[in-house]
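In: Quick one: sequence plus predicted model below, questions after.
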Amino acid sequence: MSGTINKESAARASKVTAALKREYPDARCALNYETPFQLLIATILSAQCTDARVNIVTSTLFNKYRTPSDFIAVPDEELEKDIFSTGFYKQKAKSIKACCIALIEKHGGDVPSGFDDLCELPGVGRKTASVVAGNAFGFPSVAVDTHVKRITNLLGLVESQDPEKIEAEIKLLVDPNDWVIFSHLIATHGRTVCFARKPACSQCVISGYCPSVKYEK
DNA sequence: CTCCCGATAT
DNA sequence: ATATCAGGAG
């Protein structure tokens, strides 16, 4: 039942976390960045785009654009061209510019560290805010991306399809000290084993905790 | 719920 | 040739 956080789920969440920590001891944010500002931009670009693709784009993007002012200074078409391959490039260019203006006008050119302030920024939703707050500023946060949504559902740890509800349920099941790493562990698992199209259950270290296991014929 | 869009797997 | 991947805003 949604809303019913039983001990069984919490215990299983804990075992899943432990097993994935063992399997992916180096799990971390898959986006490359040096500063909170770079992480913010990279995460905006990662909407509906793989982290691997974002890293290709940002490897050169961050040499050209170093500050919020740098992004505002160029014509829309130029920024669109620079982020083109991440998809939704017109939207993202607009978001990035509006976001950079907000950073300057409301936060003295810095990236705010609080989840709520981050959520107010153009192009920044709960997932992006959680990534930045959790990874750049060390605030316990659960970033619910497509992997977390899919896999927590497969595991039967959550019932909802709504990312905000999923986030709340995970926060009740997982130790706050593990919130940030939990997202990374699940995302890593989703990228390498528990594929959306065809989960490799036979190679899954948490299949024993998964009600959705399917073995190939 | 619809729109925004390229990259890659099938 | 087409389905699927990967979030946010209106």
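Out: Looks like it arrived, so ask away. Numbering: from 1, shown residues only, chains lettered A, B, ... in the order given.

In: can you give me the helices for chain A?
Out: Here chain A has its helices, by DSSP state H, at A:7-23, A:36-45, A:51-64, A:68-73, A:76-83, A:89-107, A:115-120, A:126-135, A:146-154, A:163-173, A:179-192.

In: pLDDT score for the closest residue in space to A:Asp76 that isn't next to it in sequence?
Out: Among residues not flanking A:Asp76 along the chain, A:Ala93 sits closest, at 5.6 Å (C-beta to C-beta, 6 or more residues apart in numbering). (Glycine included, C-beta is placed from N, CA and C.) Per-residue pLDDT puts A:Ala93 at 97.

In: what do you get for A:Lys214?
Out: At A:Lys214, the model reports a pLDDT of 81.

In: gap between the closest residue to A:Ala200 other than its chain neighbours and A:Ile170?
Out: Leaving aside its sequence neighbours, A:Ala200 sits nearest to A:Val193 (C-beta to C-beta, 6+ apart; 5.1 Å). As judged by C-beta to C-beta, to the nearest Å, A:Val193 and A:Ile170 stand 20 Å apart.

In: With A:Leu79 instead?
Out: In this view, A:Leu79 and A:Ile170 are 34 Å apart by C-beta to C-beta.

In: coming back round to it: I figured the residue nearest to A:Asp76 was touching A:Ile83, is that so?
Out: Yes: between A:Ala93 and A:Ile83 there is a contact at 6.3 Å, judged by C-beta atoms under 8 Å.

In: now the helices of chain A as a markdown table including distance to A:Cys29 and mean neighbour count?
Out: Below are these laid out as a markdown table (distance: least, C-beta to C-beta, whole Å; neighbours: other C-beta atoms under 10 Å):
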| stretch | distance to A:Cys29 | mean neighbour count |
| --- | --- | --- |
| helix A:7-23 | 15 | 16 |
| helix A:36-45 | 7 | 24 |
| helix A:51-64 | 8 | 15 |
| helix A:68-73 | 21 | 17 |
| helix A:76-83 | 19 | 16 |
| helix A:89-107 | 19 | 18 |
| helix A:115-120 | 15 | 16 |
| helix A:126-135 | 5 | 24 |
| helix A:146-154 | 13 | 20 |
| helix A:163-173 | 17 | 18 |
| helix A:179-192 | 6 | 22 |
